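Q: Sequence first, then the predicted structure, then my questions.
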Amino acid sequence: MTTLDRNNREWFDDHIEAFLDGDLKPEDANRFDDIALMDEDLQRELKVARSISTSLGSMPDMDCPDEVVKAVMSHVRRDVRGSFVADMKSRLQNLASFQLKPALAVALLVIVVVSSSLIGRRGPTTDPEVTQALADVKMALAYLSNAGRTTGTTVRQDVVPLVVGPVSRSMNELIEN
Amino acid sequence: MKPNMKRGYQIVLSFLLLAGITLLPASGQRLNEGHPGYVDLERIGDLDDFFDDDDPREVNVEGPLMRLVAEASRFEDPELADLLLTLDGVYVLGYPLDSGDLDDFNDRASMIGRELEDRGWTVVVKYRDEDENVRLYVKMDGVQVSGMVVMSVEKGSRESVFVNIVGDIDPEKIGRIGQKFNIGGMKDL
């Protein structure tokens, strides 16, 4: 290695695989050729590497055993999950420390209010408390309606048009229909 | 105010608002206590003392629960749902009544009625015989009814019921819609 310095030798070693695979840019390929011509040892090394590459290329393809594929994919999925969780945790920490706590609290409040206003729009409710409250309200309305139908022994004539009249009218309509 | 303090206040206010929505109905404080159509019948009639140790059946539907109830009824009865959305609260007290207590109840109902009239309520119906006593009072706000109170007792059913409805009340709608429901009695609650 009288004419080959250490830098060129290392560059040769780093690029020999790419050279044999034809992946080097033209200028790098020319440089590779120039360096190889400087030293006989490199030329022998290149010849051996080319023969190995040719031998490997002529070998039949082999399938990777299923166990190996499963094990590798398991590791890959675990890594992906781990990086996703770490990424989300990092984002949440950034959010929490980035003046967004009030916004998050308001967003939570909006979710609660909106969801509460939407409950029951999909059909009959199944919430026992609401169902009971609805039954209670219906009962209260029934008492009011019943009182309105009662023939009073003492009825304030000035409020009859406002209360008793409408209630009696609606009752008559129901009876007639 | 420092930015951190301001943020802190915003967080606390948001939390209190959220907590208020969920906890206020359970606190015993009625949302409509300042409403002209609201009456604390238990207090003005001293009903707990009058009925001794009998625990009242109590119904308090107001605020968010009233809106939930309205929406829950929309599927089966849209007209009822619309009516309920105009109401601010429905309050019911029911006490079991011994057959011999009817006269005592009548005296107590008269006392509550006088108190209501002193507060500007108007008696609409007074019906009384030996088996039944029904009183209906309304609170007018201009030409609008803002509150209704019914006191009802029937000897046969052995129950006394006090109802207070608060809100923008349309008596015609209540008469029409309420007629569709049977009075099951407080024992069914």
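A: In hand now; what should we look at?

Q: low-scoring stretches of chain A, by residue?
A: The model of chain A has pLDDT under 70 over residues A:1-3, A:92, A:95-105, A:112-126, A:148-177.

Q: again, only using 80
A: Along chain A, the parts satisfying pLDDT under 80 run over A:1-4, A:57, A:59-67, A:70, A:74-75, A:77-127, A:144-177.

Q: So is whichever helix in chain A runs longest next to chain B?
A: Counting residues, the longest helix in chain A under DSSP state H turns out to be helix A:66-96. No. Helix A:66-96 stays clear of chain B (C-beta under 8 Å from any C-beta of the partner chain), getting no nearer than 11.4 Å. Using the backbone N, CA and C atoms, a C-beta is placed for each residue, glycine as well.

Q: Would you mark the buried spots in that helix?
A: Neighbour counts over helix A:66-96 (16 or more other C-beta atoms under 10 Å in any protein chain shown) mark no residue as buried.

Q: try stretch A:30-38
A: Within stretch A:30-38, the residues that count as buried by 16+ other C-beta under 10 Å are A:31-32, A:35-36, A:38.

Q: Show me those residues that map onto helices.
A: Per DSSP H, helices hold the following members of these: A:31-32, A:35-36, A:38.

Q: restrict these to contacts with chain B.
A: The subset of those lying close to chain B, counting by C-beta under 8 Å from any C-beta, is empty.

Q: between the residues you listed, which is nearest chain B?
A: Using C-beta to the nearest C-beta, A:Arg31 comes nearest to chain B of those, at 59.5 Å.

Q: could you pull out the strands for chain B?
A: Ranges of strands within chain B are B:57-62, B:87-96, B:122-128, B:132-141, B:144-154, B:159-169, based on DSSP state E.

Q: and those strands as JSON lines, adding distance to B:Glu71?
A: Shown next, in JSON lines, are the strands of chain B (distance: least, C-beta to C-beta, whole Å):
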{"stretch": "strand B:57-62", "distance to B:Glu71": "13"}
{"stretch": "strand B:87-96", "distance to B:Glu71": "13"}
{"stretch": "strand B:122-128", "distance to B:Glu71": "31"}
{"stretch": "strand B:132-141", "distance to B:Glu71": "26"}
{"stretch": "strand B:144-154", "distance to B:Glu71": "23"}
{"stretch": "strand B:159-169", "distance to B:Glu71": "16"}
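
Q: which one of those strands has the lowest average pLDDT?
A: Ranked by mean pLDDT, the strands of chain B bottom out at strand B:122-128, which scores a mean of 83.

Q: What helices and strands are in contact with it?
A: Applying 3 or more C-beta pairs under 8 Å, 6 or more residues apart in numbering or on different chains; DSSP states H and E, we find strand B:122-128 packed against helix A:128-149, helix B:102-118, strand B:132-141.

Q: For A:Asp63, which of these is the nearest?
A: Checking the helices and strands packed on strand B:122-128 against A:Asp63 by C-beta to C-beta gives helix A:128-149 as the closest, at 60.1 Å.

Q: List the buried residues for that closest one?
A: Buried, per 16+ other C-beta under 10 Å, within helix A:128-149: A:130, A:133-149.

Q: Return only those of the residues you listed found close to chain B.
A: Among those, proximity to chain B is found for A:130, A:133-149 (C-beta under 8 Å from any C-beta).

Q: In contact with the closest residue to A:Ala142 other than its chain neighbours, which residues are there?
A: The shortest distance from A:Ala142 to any non-neighbouring residue, by C-beta to C-beta, 6 or more residues apart in numbering or on different chains, is to B:Phe181 (4.1 Å). Applying C-beta atoms under 8 Å, 6 or more residues apart in numbering or on different chains to B:Phe181 gives the contacts A:138-139, A:141-142, A:145.

Q: just how off-centre is stretch B:167-185 within its chain?
A: Distance of stretch B:167-185 from its chain centroid, counting by C-alpha atoms, centre = their mean, to the nearest Å, is 13 Å.

Q: Could you list the domains of chain A?
A: What automatic domain parsing lists as the domains of chain A is A:6-58, A:66-118, A:128-152+A:159-176.

Q: Make JSON lines from the ones you listed and add distance to B:Phe162 to it.
A: Formatted as JSON lines, these follow (distance: least, C-beta to C-beta, whole Å):
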{"stretch": "domain A:6-58", "distance to B:Phe162": "92"}
{"stretch": "domain A:66-118", "distance to B:Phe162": "29"}
{"stretch": "domain A:128-152+A:159-176", "distance to B:Phe162": "9"}
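
Q: that older thread, dump the helices and strands packed on strand B:122-128 to CSV, plus distance to A:Ala18.
A: Output for the helices and strands packed on strand B:122-128, formatted as CSV (distance: least, C-beta to C-beta, whole Å):
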stretch, distance to A:Ala18
helix A:128-149, 72
helix B:102-118, 98
strand B:132-141, 90
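
Q: Figure out which of those is closest to A:Leu24.
A: helix A:128-149 (74.5 Å).

Q: Output the strands of chain B in CSV, with mean neighbour count appended to each entry.
A: Shown next, in CSV, are those (neighbours: other C-beta atoms under 10 Å in any protein chain shown):
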stretch, mean neighbour count
strand B:57-62, 20
strand B:87-96, 22
strand B:122-128, 20
strand B:132-141, 22
strand B:144-154, 23
strand B:159-169, 23
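
Q: out of those, nearest to A:Ser51?
A: A:Ser51 lies closest to strand B:57-62 among the strands of chain B, at 90.9 Å (C-beta to C-beta).
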